[in-house]
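Novice: need a structure here:
(one chain, ligands or ions: 1)
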Amino acid sequence: MARAVKLRLAGERCVGHGRCYELGPDVFGEDERGRCRLLREHVPAELQEQARLGAANCPERAIEIESD
Ligand code: SF4
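Specialist: Have a look, this model is predicted:
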């Protein structure tokens, strides 16, 4: 079974492109200014593709994925 991964958001880098929450709507959300907020810090196996897509497509490299 795949292990959960942990997300870290460098909020100071986020400028609100919204790619993360468009590609991973079950993992990433937006605040009132259109910037990313994590809907969950620990991501179960079934949502890790969304987490990876969001992180890989953030132009600011604001999202990091760590193993639990
Ligand atoms: S893609 Fe990156 S810069 Fe854009 S909202 Fe998400 S975390 Fe912020």
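Novice: longest helix of this protein?
Specialist: The longest helix of the chain (DSSP state H) is helix 48-56.
Novice: what's the following helix or strand past it in contact with?
Specialist: Per DSSP states H and E, the first helix or strand lying C-terminal to helix 48-56 is strand 63-67. Applying CB atoms under 8 Å, 6 or more residues apart in numbering, the contact partners of strand 63-67 are 3, 5-10, 20, 28, 36, 51-52, 54-55. In this view, the C-beta of every residue, glycine as well, is placed from N, C-alpha and C.
Novice: want to try TSV for those residues, with neighbour count as columns?
Specialist: Shown next, in TSV, are the contacts of strand 63-67 (neighbours: other CB atoms under 10 Å):
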residue	neighbour count
Arg3	10
Val5	19
Lys6	15
Leu7	22
Arg8	13
Leu9	19
Ala10	13
Cys20	31
Phe28	26
Cys36	28
Ala51	24
Arg52	17
Gly54	24
Ala55	22
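Novice: so which of those belong to strands?
Specialist: Cross-referencing those against strands under DSSP state E gives 5-9, 28, 36.
Novice: tell me the one among these nearest to Ala45.
Specialist: Taking CB to CB as the measure, Ala45 lies nearest Val5 of the ones in strands among the contacts of strand 63-67, at 8.8 Å.
Novice: the closest one: what's it in contact with?
Specialist: Taking CB under 8 Å, 6+ apart as the contact definition, Val5 lies against 42-43, 48, 51, 65-68.
Novice: show the buried residues in those.
Specialist: Buried members of the contacts of Val5, counted by 16 or more other CB atoms under 10 Å: 43, 48, 51.
Novice: tell me the buried residues in stretch 53-60?
Specialist: 53-55, 58.
Novice: report the backbone C-alpha coordinates of it in PDB.
Specialist: Extracted in PDB, the C-alpha atoms of stretch 53-60 (Å, rounded to 0.1, in the frame of the first residue of the first chain):
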ATOM      1  CA  LEU A  53       0.200  17.400 -10.400                       C
ATOM      2  CA  GLY A  54      -0.400  20.500  -8.300                       C
ATOM      3  CA  ALA A  55       3.200  20.600  -7.100                       C
ATOM      4  CA  ALA A  56       4.700  19.900 -10.500                       C
ATOM      5  CA  ASN A  57       2.700  22.600 -12.200                       C
ATOM      6  CA  CYS A  58       3.200  25.400  -9.700                       C
ATOM      7  CA  PRO A  59       5.300  28.000 -11.500                       C
ATOM      8  CA  GLU A  60       6.600  29.400  -8.200                       C
END
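Novice: noted, bye for now.
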